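In: Below are the sequence and a predicted model for it; my questions follow.
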Amino acid sequence: MEKQVQAVLFDMDGVIFDSERLVIECWQAVAEKHNIPDIVEICMRVQGINRVETGKKFLEKYGNDFPYETYKKEVTALFRQLYGEGRLPVKPGVREILAALKQEGIPMAVASSTRSDIVRMELEEAGILQHFDAVLGGDMVERSKPEPDIFLAAARAVGAEPARCYVLEDSYNGIRAAYRAGMHPIMVPDMQTPTAEMHELAEVILPDLFKAWEYIAGKL
């Protein structure tokens, strides 16, 4: 009989790392310096989407002459200064769920909207890169979440059927993408509070990765 759980796919920011709030704090520092209004609102809106689509959203909000790339570089430099070289906090339960899945022989992949070189660097700095059979970033697919492309690519990379993949996500766009991929979306909320739409699209909404592992273990 085929395994019901053929793979577990992880988002990174807000699921593996407690990074979403830290990115926003860095954007707030840059916004204060350059007098950019409503920065938290736009940062919340772009959670889960890749850099290209994020840039488009910023230009929609602030106008086509908004120097997004310049400010983004400032944010990235500040973020690396504060949280680089392994200082990025890992979410509770990450190491435990990775160890448990490895023991069960379940393939794991990261499917993040962040650029793939940054994803690999941050996972390596945290000492957990070796747990993953595939690592995909937002620059490796044509369409960003909420489209399903990255999750479908991750499933292919680990040789799993989409219908037998369980996805750990914190963002609305991530849950939408996993649902559109025909997978099993598990929402572990970070900064975005579950809405009626999320209750409809997610298979289950759980408070942390410990509970997520209990849920997945029940499907093995």
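Out: All right, it came through fine.

In: Residue 197: neighbour count?
Out: By the criterion of other C-beta atoms under 10 Å, residue 197 has 12 neighbours. Placement of C-beta: from N, CA and C, glycine included.

In: Tell me if I'm right that it and residue 172 touch.
Out: Yes. If you go by C-beta atoms under 8 Å, residue 197 and residue 172 touch, sitting 7.3 Å apart.

In: how is the protein carved up into domains?
Out: 7-18+89-217, 20-83 (automatic domain parsing).

In: tell me which element residue 216 is part of?
Out: Per DSSP states H and E, residue 216 falls inside helix 209-217.

In: Quick one: distance of that helix to the chain centre.
Out: Distance, stretch centre to chain centre, for helix 209-217: 18 Å (C-alpha atoms, centre = their mean, to the nearest Å).

In: Give me the helices and strands touching that helix, please.
Out: On a contact count with 3 or more C-beta pairs under 8 Å, 6 or more residues apart in numbering; DSSP states H and E, helix 209-217 meets helix 94-104, strand 165-169, strand 184-187.

In: who wins for proximity to residue 203 among these?
Out: strand 184-187 (4.9 Å; C-beta to C-beta).

In: As CSV, could you dump the C-alpha coordinates of that closest one?
Out: In CSV, the C-alpha atoms belonging to strand 184-187 read as follows (Å, rounded to 0.1, in the frame of the first residue of the first chain):
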residue,chain,number,x,y,z
HIS,A,184,-2.8,19.1,2.3
PRO,A,185,-2.3,22.6,3.6
ILE,A,186,-1.5,22.9,7.3
MET,A,187,-1.6,26.4,8.6
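
In: buried residues in the very next helix or strand once past that strand?
Out: Scanning forward in sequence from strand 184-187 by DSSP H and E, the next helix or strand is helix 196-201. Neighbour counts over helix 196-201 (16 or more other C-beta atoms under 10 Å) mark 198, 201 as buried.

In: what's helix 196-201 packed up against?
Out: For helix 196-201, the packing partners by 3+ C-beta pairs under 8 Å, 6+ apart are helix 172-180.
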